[in-house]
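Trainee: quick one, fold the following:
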Amino acid sequence: MPIQNERVATSNGKTDAHIRKQNAFSFFTMGTKLMYFQVGGTLSTPAEHFAVHQGLLDYHGFVIKGAPKHDLHGDLVYHLPNHEACTFRGLIELLYDRHLPTDDLIRVVKYPENWDYVEESDLAKEEAPLALSLAVEVFYLARHFSMHSIANKAMTFIFNHYKQHRTIPSTARIRQIFEKERCGKEELFVGLEDFIIDLCYKSDTTGDRDNLELLPPYFLAGIYFKNSELNWFKADKNVVPLKLSWYHWDCGGVTERGACGCEDIIE
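Mentor: So this is what the prediction gives:
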């Protein structure tokens, strides 16, 4: 069964998601204070600089470790050398525009070369690989900053993409999601990993891939569990639809359904 994360209730019994829904963010009342970020940067590629409204970040629960440093202009800047500037752009796009950019827009900026790589022999041929790659990275970046509502938006994009195109994740996509640097850091699968495992298990195509040896062990372990007798989903995998609420951060397995508006399913 997909992992259901507990939701933290306040003293009046309402969850954080319910409170966010009641007190929707408004640009009309947003303050003007900015937070500054320097993201990425290598010996051959300069870092990129961003300014984001602090009120918007605070509303989405932004948490960052480490202290900012003063730049030449006296501004306090948070340095994020280990993150991709393109991914940070995607995070900002979800914050302000509430949608991820298309492949054509992503190609305007510098992005990692492997984002649109597809194995010629792959069983699955994905549409819009760049947008999917960005959504995956934004999902993990949002979780890193404790911005669970933004991670949910990225999860919704990924879920709806596979629902719309009726396809399965490519081997390159599975490898991206189940990177060894990411996996195993949490006690249980996170929503995105759970969804990919459920989707591949439901399609029953994992064993048909020509490049099975390239699949990450963490992913194969998830598929193995789905095939075990411990899995309640096993007997009904062709009947039980996949529900978006299973994979969101704080709305799965709660009595108040639809708190974050996720009612989509994959038959």
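Trainee: quick check: pLDDT value at the nearest residue to Arg143 once chain neighbours are set aside.
Mentor: Here the nearest residue to Arg143 in space, its sequence neighbours aside, is Ala151; by CB to CB, 6 or more residues apart in numbering that works out to 4.9 Å. Bear in mind the C-beta positions are built from the backbone N, C-alpha and C, glycine included. Note on Ala151: pLDDT of 92.
Trainee: isn't Ala151 right next to Trp249, touching?
Mentor: Yes - counting by CB atoms under 8 Å, Ala151 does reach Trp249; the two are 5.8 Å apart.
Trainee: and for these two, which residues touch both?
Mentor: Counting by CB atoms under 8 Å, 6 or more residues apart in numbering, the common neighbours of Ala151 and Trp249 are 143, 191.
Trainee: helices or strands next to the helix or strand containing Ser133 in the packing?
Mentor: Secondary-structure assignment from DSSP states H and E places Ser133 in helix 129-144. Helices and strands touching helix 129-144, by 3 or more CB pairs under 8 Å, 6 or more residues apart in numbering; DSSP states H and E, are helix 85-96, helix 103-106, helix 148-165, helix 171-177, helix 191-203.
Trainee: how about those in TSV, adding distance to Glu48 and mean neighbour count?
Mentor: Formatted as TSV, the helices and strands packed on helix 129-144 follow (distance: least, CB to CB, whole Å; neighbours: other CB atoms under 10 Å):
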stretch	distance to Glu48	mean neighbour count
helix 85-96	4	21
helix 103-106	14	16
helix 148-165	19	21
helix 171-177	22	22
helix 191-203	25	22
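Trainee: adding distance to Pro241, write those helices out as a markdown table.
Mentor: Below are those laid out as a markdown table (distance: least, CB to CB, whole Å):
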| stretch | distance to Pro241 |
| --- | --- |
| helix 85-96 | 26 |
| helix 103-106 | 28 |
| helix 148-165 | 10 |
| helix 171-177 | 21 |
| helix 191-203 | 9 |
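Trainee: so which of these comes closest to Lys69?
Mentor: helix 85-96 (17.4 Å; CB to CB).
Trainee: ok, and what's touching that closest one?
Mentor: Contacts for helix 85-96 (CB under 8 Å, 6+ apart): 37, 39-40, 47-48, 50, 52, 56-57, 60, 80, 99-101, 106, 109-112, 134-135, 137-138, 141-142, 145, 147, 150, 153-154.
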